[in-house]
Structure formats: C-alpha cells, structure tokens
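Enquirer: using only what follows, build the 3D model:
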Amino acid sequence: MNIVEIKKRSSELILKLIDVWEKSVRATHTFLSDEEINSIRNYVPEALYNVEHLAIINGYDNYPIAFIGIEDDSLEMLFVSPENRGKGIGKTLVKYGIENYGINRVTVNEQNPQAIGFYEHMGFKTFKRTDYDEQGNPYPILYMRIK
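Expert: You can find the predicted model right below:
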C-alpha cells in the first residue's frame with residue numbers, strides 16, 4: 001500500500017475524497033439520517049482543505065480508497081471506502097500517522113462501535129466522554145488517547 005502525502009489539494013481530489021467520506025459514513029454511521037449526512041457533507045470540503053496533514057491511499061485505478069487527516073498530534077479524520085474495509089488499510093494509515101506525526105489522540109462517536117473497537121485494537125483508550133458532539137448535537141463522543 002502506497003501512502004501519498006497530499007500537499008496541493010485540487011478541487012478534483014477533494015471531490016474524490018468527499019465520495020470516499022460519504023460512502024464510509026453511510027456504511028459506519030448508521031445512527032445518522034440522510035438529512036444529517038447531507039448537512040455534514042457541506043463542511044467536509046473545508047475540513048479537507050484545512051487539515052494540517054492529509055494522506056491518501058489510492059486503489060488500482062488511481063482513485064482514492066482511504067485517507068487520513070492529522071492536526072498536531074490528533075487524528076482528525078480516517079475514512080476507508082466500504083469495499084476496502086478489513087484489509088489493513090486503516091491500520092496502515094494510523095501507524096503512518098503515529099510514526100510520522102506522533103498521533104496520540106482521536107475522538108470517536110460512541111454510536112460507532114466498530115471504530116471504537118478498531119482504535120482500542122490500535123492501542124487507544126477512552127479517557128473522557130461527552131453527551132454531545134462538537135456541534136452540540138446529541139451524539140456522545142469518546143475521547144481516546146494512546147497511553
């Protein structure tokens with residue numbers, strides 16, 4: 001798996017990453033309605049343009065199949081296309097972030113047990129819980145860090 005660090009973020013690439021994001025969210029965030037996903041989608045381009053470090057893994061057709069966003073020592077986003085889950089791609093990206101950027105923190109929706117299990121497997125432990133997400137919506141958030 002070849003990880004590509006993205007310095008220049010073209011609008012074409014951002015559209016491809018939004019596609020990966022949406023497919024991943026629809027597969028894993030089953031607690032969100034279509035309306036909520038569409039609303040959140042409006043903020044994804046800005047997040048992708050502004051996150052400090054962005055790295056992707058492309059598939060055989062040179063189309064992104066996964067990406068990671070890192071800010072300081074925090075994993076801000078990790079999305080893998082549904083058809084590529086369970087193949088070690090997320091693990092590869094998280095290890096890359098730990099080794100190259102010192103990732104030691106992540107926030108996870110409590111209603112996404114697969115993600116919680118994944119991060120626990122990667123060595124993260126919950127140290128804090130809130131009843132609402134960062135936007136004030138009633139989605140409990142777990143704050144995890146590597147100890």
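
Enquirer: alpha carbons only for contacts and neighbour counts from here, please
Expert: Noted.

Enquirer: whichever strand or helix holds Lys125 packs against which elements?
Expert: Per DSSP states H and E, Lys125 falls inside strand 124-130. With contacts taken as 3 or more Cα pairs under 8 Å, 6 or more residues apart in numbering; DSSP states H and E, strand 124-130 sits against strand 141-146.

Enquirer: can I get the CA coordinates of the strand it packs on in PDB?
Expert: Presented in PDB, the C-alpha positions along strand 141-146 are these (Å, rounded to 0.1, in the frame of the first residue of the first chain):
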ATOM      1  CA  ILE A 141     -18.200  11.400  21.800                       C
ATOM      2  CA  LEU A 142     -15.400   9.300  23.300                       C
ATOM      3  CA  TYR A 143     -12.000  11.000  23.600                       C
ATOM      4  CA  MET A 144      -9.300   8.400  23.300                       C
ATOM      5  CA  ARG A 145      -5.500   8.500  23.500                       C
ATOM      6  CA  ILE A 146      -2.600   6.200  23.400                       C
END
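
Enquirer: partner residues bridging Arg129?
Expert: Beta bridges link Arg129 to Leu142, judged by DSSP bridges.

Enquirer: that older thread, what lies in contact with the strand holding Lys125?
Expert: 104-105, 119, 140-147 (Cα atoms under 8 Å, 6 or more residues apart in numbering).
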